[in-house]
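Visitor: predicted model, plus sequence, below.
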Amino acid sequence: MAAPNQSSQWNASDYGRNGAFVPALGLPVVELLSPQPGEHILDLGCGDGTLTQALVDAGAIVTAVDASEEMVAAARARGLDAQVMDGERLSFEARFDAVFSNAVLHWMLDGAAVAAGVHRALKPGGRFVGEMGGSGNVRQLRAALNAELEARGYALPESDQQWYPSPEEFGAIYGAAGFAEIEARLIDRPTPLPAGPAGWFRTFRSGYCDMIGVPAQEREPLFEAAATRMPADMLGEDGIWRADYVRLRFSMRKVD
């Protein structure tokens, strides 16, 4: 298996300020999961625990995991059962009635390893429900930042550092892992950015800049300059920037 994605690095307080829309927009996925009282559920990529708390509030018994020590600390501060674990190396065996995941699978580049680990973690008949970035997700934001990085002389990675699959690609990987009743669809979701493009870059691409080697003192000028490369039609008449989010929402079941 590949090493954990080095571009996935998080500051919990900054995420709370600029990324709170992520769990807020994940509430429909909680409804799709329909957690039941007493169910044992794994929250894969729990972040700061906002949606984990929603599962607990529904009466489920929730184990939360995330690769970020800082995010796990934030989840534990809420009183949640959270632990540091790489999603590509899940160690659970037939323990959960359901696995839930929101806005995290696209950071796990070994999709087959994740699928196998989730399959092992579920009891027979258990379900996996979630949402992630899908094909075309934040294409304009990524292009603006990469163009500014190249203009400043930085070498970009040879491959993308996020996995944004089509429903067909995603379904094939999870079907090969042994899942059935796979439903996956793309949802176009223009998403307001409370701190504008520069704030989005700071929250969601600082780890990427770490990997490329952008010094800390150059980050803010870089992000501000990249923001000027965004298409003007992404700035609404209300003065709010909207990101070109495309989500892949899915559900499936372990049958054996």
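Guide: Yes, it's here.

Visitor: next up, phi/psi of Glu181, please.
Guide: Per-residue torsions, Glu181: phi 50, psi 40 (degrees, to the nearest 10).

Visitor: for it, give its distance to Phe100.
Guide: 16 Å (Cβ to Cβ, to the nearest Å). To be clear about C-beta, it is placed using only N, CA and C from the backbone, and glycine gets the same treatment.

Visitor: quick one, what contacts the closest residue to Phe96 other than its chain neighbours?
Guide: Nearest residue to Phe96 in three dimensions, chain neighbours excluded: Leu42, at 4.6 Å (Cβ to Cβ, 6 or more residues apart in numbering). Residues in contact with Leu42 (Cβ atoms under 8 Å, 6 or more residues apart in numbering) are Val62, Thr63, Ala64, Val65, Phe92, Arg95, Phe96, Ala98, Val99, Phe100, Ala121.

Visitor: kindly recompute the last result at 6 Å.
Guide: Thr63, Phe96, Val99, Ala121 (Cβ atoms under 6 Å, 6 or more residues apart in numbering).

Visitor: what bridges to it?
Guide: Judged by DSSP bridges, the bridge partners of Leu42 are Thr63, Val99.

Visitor: quick check, Ile61 in contact with His40.
Guide: Yes: with contact defined as Cβ atoms under 6 Å, Ile61 reaches His40; the gap is 5.0 Å.

Visitor: how near is the residue nearest to Gly87 when sequence neighbours are not counted to Ala116?
Guide: Excluding the flanking residues, the one nearest Gly87 by Cβ to Cβ, 6+ apart is Met108, at 4.9 Å. Per Cβ to Cβ, Met108 is found 12 Å from Ala116.

Visitor: ok, the two, which is more surrounded?
Guide: Using other Cβ atoms under 10 Å as the criterion, Met108 and Ala116 rank with Met108 on top: 25 against 19.

Visitor: which element follows the helix or strand hosting Pro221 toward the C-terminus?
Guide: Pro221 belongs to helix 219-227 when assigned by DSSP states H and E. Downstream of helix 219-227, the first helix or strand assigned by DSSP H and E is strand 242-254.

Visitor: all helices for this structure, in order.
Guide: Applying DSSP state H to the chain gives helices spanning 12-18, 21-25, 27-33, 50-57, 69-77, 111-121, 139-151, 167-176, 196-204, 206-212, 219-227.
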